[in-house]
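[1] Sharing a sequence plus its predicted fold:
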Amino acid sequence: MQKWYVVQVISSHEKKVKKSIEEYLDQKGMREFISEILIPTENVAEVKRGHQKVSEKRMWPGYLLVKMDLNDEAWAYVKDTPGVIDFLGGDKPAPLTEKEVKDIMSELEDRQKGIVQKHKVDVGDRVKITDGVFVNFVGTVTEVNHEKGRLSVMVSIFGRDTRVDDLEFWQVEQATSENPS
């Protein structure tokens, strides 16, 4: 019975490794041992130059999931594929449990349905302004427009609350508790 295994690959070579494994399955007689190769991804939205761009992002850079019968031939076939570092677990890899597989597949399905914002900023978050006239000011996010990639922040200037509008996501970072307001 085939089970899911985690394979570590060179980061950013996941697609290339997947293609290499799939390319020779029939030629090397491995089709019966390896049935599926999965790169866990999610859709991430980011605003660049005023336009929202959605791109596919790897959830676990440097890892693939392979559904296979783990025999010596199949293990060697995957292990010897260019770009493969090793199976998680080394020479004696343990398959993922049914619960782990179910949780991973459920999470993947949820993430594939929607779009995740690259910049996770919400109303009420404390942020530090990193660019522009109000650089180094810390304030509270009062408005977020994910479609336009812009937000507004309320900062305190000389004891008065002042709203800074039209900041782009890249112009702020999460404030740490050490940052004074």
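    Structure received.
[2] where in this protein is pLDDT low?
    Within the chain, the segments meeting pLDDT under 70 span 46-52, 115-119, 177-181.
[3] the strands in it, which residues?
    Secondary structure of the chain by DSSP state E: the strands cover 3-9, 34-38, 41-48, 51-58, 63-68, 84-87, 115-117, 126-129, 138-145, 150-157, 160-168, 172-174.
[4] Now the last one: buried residues?
    So the one you mean is strand 172-174. Neighbour-count burial for strand 172-174 flags Val172 (criterion: 16 or more other Cβ atoms under 10 Å). (C-beta placed from N, C-alpha, C; glycine too.)
[5] list the contacts for the most centrally placed residue in the chain?
    Centroid check for the chain by Cα atoms, centre = their mean gives Met59 as the closest residue, at 3.3 Å. Residues near Met59 by Cβ atoms under 8 Å, 6 or more residues apart in numbering: Pro40, Thr41, Glu42, Leu108, Arg111.
[6] measure the spatially closest residue to the last one that is not a sequence neighbour to Lys57 for me?
    Think Arg111. For Arg111, ignoring the flanking residues on the chain, the nearest one in space by Cβ to Cβ, 6 or more residues apart in numbering is Glu42 at 3.9 Å. Glu42 sits 6 Å away from Lys57, going by Cβ to Cβ, to the nearest Å.
[7] for Gln174, same thing?
    In this view, Gln174 and Lys57 are 19 Å apart by Cβ to Cβ.
[8] coming back round to it: would you mind putting the strands of the chain into JSON lines with distance to Pro93 alongside?
    Formatted as JSON lines, the strands of the chain follow (distance: least, Cβ to Cβ, whole Å):
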{"stretch": "strand 3-9", "distance to Pro93": "5"}
{"stretch": "strand 34-38", "distance to Pro93": "14"}
{"stretch": "strand 41-48", "distance to Pro93": "23"}
{"stretch": "strand 51-58", "distance to Pro93": "21"}
{"stretch": "strand 63-68", "distance to Pro93": "10"}
{"stretch": "strand 84-87", "distance to Pro93": "4"}
{"stretch": "strand 115-117", "distance to Pro93": "30"}
{"stretch": "strand 126-129", "distance to Pro93": "43"}
{"stretch": "strand 138-145", "distance to Pro93": "43"}
{"stretch": "strand 150-157", "distance to Pro93": "45"}
{"stretch": "strand 160-168", "distance to Pro93": "44"}
{"stretch": "strand 172-174", "distance to Pro93": "37"}
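[9] and the closest residue in space to Gly139 that isn't next to it in sequence, what does it touch?
    Spatial nearest neighbour of Gly139, chain neighbours left out: Val155 (3.6 Å); criterion: Cβ to Cβ, 6+ apart. By Cβ under 8 Å, 6+ apart, the contact list for Val155 reads Ile129, Phe134, Phe137, Val138, Gly139, Asp161, Thr162, Val164, Ser181.
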